[in-house]
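Participant: Coordinates for the following, if possible.
(2 chains)
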Amino acid sequence: MIQQTMFIRKRSFLHSLDPRTKLFVSISLFLVGIMFSDYRVLTVLFVLEIIVLRLVARIPFAKLFPYLKLILPLVVMALVIWPLFQRTGTVLVSYWKIIITEEGIRMGIAMSFRLLSLIVATYLLLMTTEQRDLVLALVTSGLRYDFGLMLAIALSKVPALAGIAMTIMDAQKARGLELEKGNIVEKVRKYIPILIPLIISAIRLAEALSIAIDSRAFGRGNRTYLRELHFTVKDALVTGMTVVILSACVGIRAAGFGVMELP
Amino acid sequence: MISVEDLSFQYSTRESLVLRNVNLVVPQGAYIALVGPSGSGKSTLCFTMNGIIPHSIGGHLSGKVRVDSLDTREHQVHELAEKVGIVLQNPESQLFAMSVEEELAFGPENLGLPREEIVARIDEALRIIGITDRERFPFSLSGGEKQKLAIASILTMNPSHLVLDEPTSQLDPRGRQSVYHVLDGLHAGGMSIILIEHNTEHIAEHAQQVLVVKDGTVVASGSPGDVLSRVEEMEALGIQVPEVAELTYELCKRGVIERVAVTLEDAVSLLENLTLNRKRPPSMREKSGFLNQETSQPCSAAPAIEVRALSFQYDDVPVLNNVSLTIGRGEITAIIGQNGSGKTTLVKHFNGLLRPHRGEISVFGEPIKDKSVAQLAQKVGYVFQNPDHQIFADSVFEEVEFGPKNLHVHPEERQERVSDVLRQTGLLKYKDTHPASLSGGEKQRLVIASVLVMNPHILVLDEPTTGLDLTSSRSIIELVKALHQQSRTVVLVTHDMKLVAEMANRILILKEGTVAAEGSPHEIFSNQDLLSDNFLEAPQITRLSNRLGYGTCLSVGELLQNMEGGP
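Facilitator: Below you'll find the predicted structure:
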């Protein structure tokens, strides 16, 4: 079953923060992950994020794993491919045309953990924040409301469209379509009978939705928001700390630390 | 009050008028039903009432629509939203929030109401529809709950008129009843209801006025008793009248009674005394004639489908639990039950779309475990519910050719088969037409054709007549009957008890993943406890014949015969 949201309802410190604070923290973690390229820094960053997710947000590991699995292929690819292309440095293995260096392995580890830490930084936000609060955070931070609404509707319709896609696939399979057979070109072509009805259904859905949205007084102006966002002392403290840490990181990075040196 | 004066409308993308000189008045607190065949302009008329036409959907509009003296042309949709609310057929396309509460808040938030007022309105709306979990994701609600939520999300704007476009056509009987119940409550509270509805039985019992729309004009109007009792006129217009009206109309023609009844209660009181005049043991006829017909084809050789101890679960949620059943050759079996009872999951096992976790399925005596869906397609044809979820080709011919192409049928034979099937389904004249331009009934015939072309002996039909008007569903029923005559086995999955009564010779009731009952329609429809346990209701004519003591009759003709004492 496809889930419409990654949000996990818990009572935790992180859950109780203003979504704007969490958005800022997430972006900061993201920046730190991009700034440094040393494998040790990135490993520590990832471990820290996991600790925060487990202890500060009280998200059980079991809930995190399915989402980590999604990017696992990319992580494995980074781990395998970087060493193959980093051919200079301290050679560890040399066989036929393959040269594996110590730097290459470090690079692979660094890139894997960079990917992991970037993705977990966004999970920290998505798993502890309801989508409506997230949209509200974006809107109060200056995003136009109709864009926020568009985003929210797109997210809310994912399971419905996925359901339609499954039905279409079943209907075409019942007419003898075998998606698994054939070479790549044939396989791609086999998706045409699925994509066409899906696109038409999506357009119909969008048309009907626009009528429903208009009928509910959309665009009248002077909108009330049922939810209120409260930026509290906690939020101020967390934001302040994040600013300090982020500046420190920028300073350290500017001084030339935490960067992978390649020969 | 909504008043429509001399209204004509033409969509900018079409060449002819959809509405022609429509006049009507909806007084405050009225309950008006709109009926008419598909494409008659009913939905278009609804969209003019809250300004969606002409503001959101463009076209040429002449005449006037006024809502409490506001001209809809001069006032925007968001201004009219506080007066007229609109609910559409498919709940999925009206709900777009992440939680029940947000869904309900959206309208009043847009109106810019103070927070306390919004909270109070949400509480009230939740009370009306009886949903308590306000954090629930709307997508995970049942169909009936979704539609009630769609209604409630309009109610929070406090409109005085509610326009509903076939709000229950996609719901199961239980969901349908709960939505009707909500509407009755709202009407009792003073709300005007304008309802597009195919089900004239409901209209006869609840609406104050019926308008018949055809080709963009109102061709008949009046009280339900008045309009729906003109049986022949209605059938000519493509309107299905209640079965009791058909019966009492026939009896009137024979001079037995003097007027036509349109509701069950009225028919009972009209005919109760009549039964006293005729001393005839009620169940005789049933035993002699009609049961024989049902068992006239004894099951020889292996059954068409045999299911043994089938269990299936989606993500650890059990859906089917130790189901065993057989479907005899040449039978028409109806599988009924509420949504979520496992009907679709069960039939998806018949052609291998789903594989059992435990248990075994055989088709014509052969286990299907090692057969692919494509191989099984030549034995079990599965026609899905919504034609739009499979039609993709540029022409009717290509659409039908898709199956045999997948099965690598030789081009010459393919051409021949496609032509044969198109002839049989009456689509040959459309063979080069783009499927998008077909009507609803024709599209349904097209999807049946594209399954038939693979020559299956068993045909599984999921809700083949839902959403079709009288004429189209008649044509589908005739087609399926003809296919059955050619010794095909038919499995029907449906909520439409009239269809079941008319077609099936065997009924299976599923409940919470198990077979709750099976038997002939006469057996099933005479067991009132069983039906109410499963939130099912026998066809109106069956309920009438049971109450009058004529046994369990499945059609108007059967009851008539019983009443007249048979030949």
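Participant: And the next helix or strand past the helix or strand encompassing B:K481?
Facilitator: When elements are assigned from DSSP states H and E, B:K481 belongs to helix B:470-485. Downstream of helix B:470-485, the next assigned helix or strand under DSSP H and E is strand B:489-493.
Participant: ok, so what distance separates the residue of chain A positioned farthest from its centre from A:Q86?
Facilitator: If you look at how far each residue of chain A sits from its centre, by Cα atoms, centre = their mean, the farthest one is A:W96, at 39.2 Å. According to Cβ to Cβ, to the nearest Å, A:W96 stands 17 Å off from A:Q86. Using the backbone N, CA and C atoms, a C-beta is placed for each residue, glycine as well.
Participant: swap in B:V500?
Facilitator: 70 Å.
Participant: So for those two, which sits in the more crowded spot?
Facilitator: Neighbours per residue (other Cβ atoms under 10 Å in any protein chain shown) separate B:V500 from A:Q86, with B:V500 holding more: 23 against 20.
Participant: Just list the residues touching the closest residue to the more buried one other than its chain neighbours, thanks.
Facilitator: Closest residue in space to B:V500, ignoring its immediate chain neighbours: B:A334 at 4.3 Å, by Cβ to Cβ, 6 or more residues apart in numbering or on different chains. Neighbour list for B:A334: B:491-494, B:499-500, B:503-504, B:506-508, B:521 [criterion: Cβ atoms under 8 Å, 6 or more residues apart in numbering or on different chains].
Participant: mind running it again at 6 Å?
Facilitator: B:492, B:500, B:504, B:507 (Cβ atoms under 6 Å, 6 or more residues apart in numbering or on different chains).
Participant: burial of the closest residue to A:Q172 other than its chain neighbours, as a residue count?
Facilitator: Distances taken as Cβ to Cβ, 6+ apart place A:P193 nearest to A:Q172, at 5.0 Å, with adjacent residues excluded. Other residues lying near A:P193 total 23 when counted by other Cβ under 10 Å.
Participant: just B:I196 next, same as before
Facilitator: B:I196: 24 neighbours (other Cβ under 10 Å).
Participant: With the one 5 residues further on instead?
Facilitator: For B:E201, the number of neighbouring residues by other Cβ under 10 Å comes to 22.
Participant: same check, this time on B:Q485
Facilitator: Counted with other Cβ under 10 Å, the neighbours of B:Q485 add up to 9.
Participant: In space, what's closest to the closest residue to chain A within the stretch 151-300 of chain B - neighbours in sequence excluded?
Facilitator: In the stretch 151-300 of chain B, the residue that lies nearest chain A is B:M157 (6.3 Å; Cβ to the nearest Cβ). Spatially, and ignoring its direct neighbours in sequence, B:M157 is nearest to B:G107 (4.2 Å; Cβ to Cβ, 6+ apart).
Participant: OK, contacts around the one you found?
Facilitator: A:216-217, B:156-157.
Participant: for the residue lying closest to B:I541 once chain neighbours are set aside, phi and psi?
Facilitator: Closest residue to B:I541 apart from its sequence neighbours, by Cβ to Cβ, 6+ apart: B:E243 at 3.9 Å. Backbone torsions of B:E243, given as degrees, to the nearest 10, read phi -60, psi -30.
Participant: ok, the closest residue in space to B:S473 that isn't next to it in sequence to B:I476 distance?
Facilitator: The spatially closest residue to B:S473, leaving aside those adjacent along the chain, is B:T465, at 3.9 Å (Cβ to Cβ, 6+ apart). Per Cβ to Cβ, B:T465 is found 6 Å from B:I476.
Participant: And the residue nearest to B:S473, which helix or strand is it part of?
Facilitator: Assigned by DSSP H and E, B:T465 falls within no helix or strand.
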